[in-house]
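> Got a predicted model here, sequence first, then my questions.
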Amino acid sequence: MSRPDPTRRALLTSLAASPAVMLGARPLAAQETAAASAGLISSNVCLLATEVTEGPYYTDPELVRADITEGKEGVAMDMMIQVVDASCQPIAGVRVDIWHCDAQGNYSGYANQGSDGTLDTSSETFLRGTQMADEQGIVTFRSIYPGWYRGRTTHIHHKVFVDETNVLTGQIFFPDALSQYLYNNLPPYNDRASARDTVNSSDGIAAQAGESAYAAVREATDRYVATLVIGVNPEATSQSGGPGGPSGGDGRPGMPPPDAGLPPGEGQAPPGEVGGNTGGPSTLVPGQE
């Protein structure tokens, strides 16, 4: 690995310490320019990502692929992840896995999915994939905007495999206003019998992960593009799947619920009232007619 560049270390440190960045506000133009000049895909970064619970639905179908949709309906979204070390140097060749639920809140590869626990997806592999990072430490997965399920806010799971003993397990979070707008207005997200019960502020795992786990989301012509820089320590040895163990704490039925801090529904945005939206035209969403 190349020698750390002190200017890149200073950049990463300053970006991480910036209140505008850490609070998810729009970064200053100078910060965006500095991040871009350092080869970062997002200025919303921190020194090292926080490891959180893997949750109960990880499986490795050994599918090295960029497109993980497998025909699943939803708003198109590219998930770009850049892996860097604490000195802001990209880590090439690391393995990155992601997995997330579909628009209805179901994971592939497991039985007892669906709100009634009767859907069996154990033979399916939708919305799961593996890629090896390029020279800039970047992977891009073509997917859909994730849905929600009871007890959890909107999220995508990830694992970064540096080597056999260094595996960072984490989750990626998204703006609540955007999520709520999609869930209220667009099929198949709005084809749900109940409203979601957990938002970012009432999700214990999101609180544990911190602001650096929130993706920056922008509109492209036909899809959203979400980006996140994940900082890892190449010398670290992983714990057993992060806090909560390798298979628990994800808020699914039968699993220990996270310490959400608020009862289900508290802090939830009223349907149709997110960001002043009241069920407006879906043409506001990239790729939607």
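Noted; the coordinates are in hand.

> which residues touch Ser122?
Applying Cβ atoms under 8 Å, 6 or more residues apart in numbering to Ser122 gives the contacts 109-111. C-beta: built from backbone N, CA, C; applies to glycine.

> Restricted to buried residues, select those in PyMOL.
Restricted to buried positions by 16 or more other Cβ atoms under 10 Å, the PyMOL selection for the contacts of Ser122 reads:
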select buried, resi 109+110
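
> right, and out of the contacts of Ser122, which lies closest to Val75?
The shortest approach to Val75 among those belongs to Gly109, at 22.6 Å (Cβ to Cβ).

> For that closest one, which non-adjacent residue is spatially closest?
The shortest distance from Gly109 to any non-neighbouring residue, by Cβ to Cβ, 6 or more residues apart in numbering, is to Thr59 (4.4 Å).

> same thing with Lys159?
Asp97 (4.4 Å).

> buried stuff in whichever strand or helix holds that neighbour?
Using DSSP states H and E, Asp97 maps to strand 95-99. Neighbour-count burial for strand 95-99, with 16+ other Cβ under 10 Å as criterion, is recorded at 95-99.

> Then stretch 191-206?
Across stretch 191-206, burial judged by 16+ other Cβ under 10 Å covers 192, 196-200, 202-206.

> Would you state the strands of the stretch 101-250 of the chain in chain order?
Here the stretch 101-250 of the chain has its strands, by DSSP state E, counting those that start in this stretch, at 128-132, 138-144, 155-161, 167-173, 216-219, 224-231.

> would you turn these into TSV with distance to Glu73, mean pLDDT and mean neighbour count?
Shown next, in TSV, are the strands of the stretch 101-250 of the chain (distance: least, Cβ to Cβ, whole Å; pLDDT from 0 to 100; neighbours: other Cβ atoms under 10 Å):
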stretch	distance to Glu73	mean pLDDT	mean neighbour count
strand 128-132	17	97	20
strand 138-144	7	97	22
strand 155-161	17	95	23
strand 167-173	21	93	24
strand 216-219	19	94	15
strand 224-231	15	94	23
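
> out of those, which comes closest to Gln89?
Smallest distance to Gln89 across the strands of the stretch 101-250 of the chain (Cβ to Cβ): 10.3 Å, for strand 224-231.

> what helices or strands is that closest one leaning on?
strand 76-84, strand 167-173, strand 216-219 (3 or more Cβ pairs under 8 Å, 6 or more residues apart in numbering; DSSP states H and E).

> Show the contacting residues for Ile144.
69, 72-77, 102-103, 127.

> ok so, going back, which among the buried residues of strand 95-99 gets closest to Met132?
Using Cβ to Cβ, Arg95 is the member of these that lies nearest Met132, at 5.7 Å.

> Return the residues in contact with that closest one.
130-133, 159-161.

> and if you look at Thr130?
Neighbour list for Thr130: 60, 62-65, 95-97 [criterion: Cβ under 8 Å, 6+ apart].

> change it to 6 Å
Residues counted as contacts of Thr130 (Cβ atoms under 6 Å, 6 or more residues apart in numbering) are 64, 97.

> re earlier: listing partners with orientation, what would you give for the strand holding Asp97?
Counting by DSSP bridges, the strands paired with strand 95-99 are strand 128-132 (antiparallel), strand 155-161 (antiparallel).

> which one of the contacts of Ser122 is nearest Arg223?
Nearest to Arg223, judged by Cβ to Cβ, of those is Gly109 at 24.7 Å.

> now that closest one: how far from Thr221?
32 Å (Cβ to Cβ, to the nearest Å).

> What of Thr69?
Noted for Thr69: a distance of 18 Å to Thr221, by Cβ to Cβ.

> In terms of neighbours, single out the busier of those two.
Taking neighbours as other Cβ atoms under 10 Å, Thr69 and Thr221 compare with Thr69 leading, 17 against 6.

> what sits against that one?
By Cβ under 6 Å, 6+ apart, the contact set of Thr69 is 143-144.

> do the same with Lys72
By Cβ under 6 Å, 6+ apart, the contact list for Lys72 reads 102, 126, 144.

> For these, could you give me JSON lines that also reports distance to Gly287?
Shown next, in JSON lines, are these (distance: Cβ to Cβ, whole Å):
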{"residue": "Asp102", "distance to Gly287": "17"}
{"residue": "Phe126", "distance to Gly287": "19"}
{"residue": "Ile144", "distance to Gly287": "10"}
